[in-house]
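J.: 3D, please:
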Amino acid sequence: MKIAILSRNKKLYSTRRLEEAAIARGHEVDIIDTLHCYMDISSNKPSVRFHGEPLPQYDAIIPRIGASVTFYGTAVVRQFEMMGSFSVNESVAISRSRDKLRSMQLLSRKGIGLPRTGFAHSPDNIKDLISNVGGAPVVIKLLEGTQGIGVVLADTNKAAESIIEAFMGIKANILVQEYIKEAGGADIRCFVVGGKVVAAMKRQGAPGEFRSNLHRGGSATLVKLTSVERATAVAAAGAMGLNVCGVDLLRSSHGPVVMEVNSSPGLEGIEAATSKDVANMIIEFIENKKSKPHSTKTRGNG
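T.: Residues are numbered from 1 along each chain as shown. This next block holds a predicted model:
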């Protein structure tokens, strides 16, 4: 097959591993910088151009779309879908997962475990917003934050009120969530491919750090999932419509709760912690599933 990897940097670990896995399985691979693509959207024959030339027809594309380029990146993915390329993750599904509020609403509608969460633009009573999620300590998150940036733990109700007022003062959209103390500063990253959890790792925050992100000094180790945790991760991926994703869970006293569903999960941490060839599993999914022309659900619509 002819496969395109949409990535801003061909030297990134995840991009390199996907390229190596695809070539090892006999496929032709191009790595394309998403932001250097431009599209012909006026004709009845959609196309994507790159460095002055039209790109060929690809059997499949693997979007590695960073959060900062979601709007343009999903537009490029949508254009490839309109051309008939099979996208490992569809543009609509990527957009869903990147909108923290929308993703929480979709997960809630499916009955998937979540931390108590509040959202408001300018509440008349900030105290009630805090009380509604169980009171301090609470976690306050910027909707646009990534890799633990824009996530604050407020230990007291007074501190939470001050932080919320500050964020609202700069017109920032925020979520207020209950703090799952029993998680002990750790979460579980479940890597889902084609409706199955193929690898999982426990990420432990650095000493004194409640955020478990590896980018913030956290450590990763192999973890054994319960059947409920495995089912929760698969259900969360399904609710988003993602074929490949990372589902981040916390172990709470009332069962696993989903913190985030990541449509472009990194491979380095999960492969190192589990010794599993996740990149190869993704390429195998493309081969075995339904990577045929116009086989995406939305076909670029929506």
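J.: From now on I want contacts and neighbour counts done on CA atoms only, so please keep to that.
T.: Noted.
J.: Run a quick neighbour tally on residue 282.
T.: 21 (other C-alpha atoms under 10 Å).
J.: just checking, it is part of a helix?
T.: Yes. Counting by DSSP: H, G, I helix; E, B strand; the rest coil, residue 282 falls inside a helix.
J.: can you tell me which residues contact it?
T.: Listed by C-alpha atoms under 8 Å, 6 or more residues apart in numbering, the contact set of residue 282 reads 18, 193, 244.
J.: how deep is residue 122 tucked in, by neighbour count?
T.: By other C-alpha under 10 Å, neighbour count at residue 122 equals 13.
J.: returning to that earlier point: just the contacts of residue 282 now: which is nearest residue 107?
T.: Of all these, residue 244 has the smallest distance to residue 107: 16.8 Å, by C-alpha to C-alpha.
J.: how close does the spatially closest residue to that closest one that is not a sequence neighbour sit to residue 201?
T.: Of all residues not flanking residue 244 in the chain, residue 193 sits nearest, at 4.6 Å (C-alpha to C-alpha, 6 or more residues apart in numbering). As judged by C-alpha to C-alpha, to the nearest Å, residue 193 and residue 201 stand 15 Å apart.
J.: neighbours of residue 17, just the number please.
T.: Neighbour tally, residue 17, other C-alpha under 10 Å: 19.
J.: Name the helix or strand for it, please.
T.: Residue 17 is part of helix 13-24, with elements assigned from DSSP states H and E.
J.: Could you point out the helix or strand that follows that helix?
T.: That would be, after helix 13-24 and using DSSP H and E, strand 28-32.
J.: ok, which stretches of this structure are helices?
T.: Along the chain, counting by DSSP state H, helices occupy 13-24, 70-82, 91-98, 100-109, 126-132, 157-169, 227-240, 268-274, 278-288.
J.: Run the angle between the first one and helix 278-288 for me.
T.: Put plainly, it is helix 13-24. Per axes from the mean of the first three to the mean of the last three C-alpha atoms, to 10 degrees, the angle that helix 13-24 makes with helix 278-288 is 50 degrees.
J.: Tell me which residues are up against helix 13-24.
T.: In contact with helix 13-24 (C-alpha under 8 Å, 6+ apart) are residues 5, 7, 9-10, 28-29, 64, 266-268, 279-280, 282-283.
J.: ok, what's across the strand from the nearest residue to residue 62 once chain neighbours are set aside?
T.: Excluding its sequence neighbours, the residue lying closest to residue 62 (C-alpha to C-alpha, 6+ apart) is residue 5, at 4.8 Å. For residue 5, the beta-bridge partners are residue 31, residue 62 (DSSP bridges).
J.: What is the neighbour count of residue 5?
T.: Counted with other C-alpha under 10 Å, the neighbours of residue 5 add up to 22.
J.: Contact partners for it?
T.: 15, 19, 29-32, 61-64.
J.: Tell me the buried residues within the residues you listed.
T.: Burial by neighbour count, judged by 16 or more other C-alpha atoms under 10 Å, picks out 15, 19, 29, 31-32, 61-64 from these.
J.: Is it correct that residue 265 is in contact with residue 248?
T.: No. Counting by C-alpha atoms under 8 Å, residue 265 stays clear of residue 248, with 10.4 Å between them.
J.: hmm, back to that, please name the residues that touch the residue nearest to residue 244.
T.: By C-alpha under 8 Å, 6+ apart, the neighbours of residue 193 are 243-245, 281-282, 285.
J.: Which single one of the residues you listed is nearest to residue 219?
T.: Relative to residue 219, the closest of the contacts of residue 193 is residue 245; by C-alpha to C-alpha it sits at 20.0 Å.
J.: measure the closest residue to the closest one other than its chain neighbours to residue 163 for me?
T.: Computed as C-alpha to C-alpha, 6+ apart, the closest residue to residue 245 that is not its neighbour in sequence is residue 263, at 4.7 Å. Remark: distance between residue 263 and residue 163 (C-alpha to C-alpha) = 29 Å.
J.: Equivalent analysis for residue 134, please.
T.: Applying C-alpha to C-alpha to residue 134 and residue 163 gives a distance of 17 Å.
J.: ok, residue 279 to residue 24 distance?
T.: 11 Å.
J.: ditto for residue 188
T.: Taking C-alpha to C-alpha as the measure, residue 188 falls 30 Å from residue 24.
J.: cool, and residue 14?
T.: 15 Å.
J.: Okay, now the unreliable bits of this protein?
T.: By pLDDT under 70, the weakly predicted segments of the chain are 43, 123, 144-148, 206-217, 289-302.
J.: With adjacent residues omitted, what lies nearest to residue 196?
T.: residue 234 (6.3 Å).
J.: Neighbours of the one you found, how many?
T.: Counted with other C-alpha under 10 Å, residues neighbouring residue 234 total 23.
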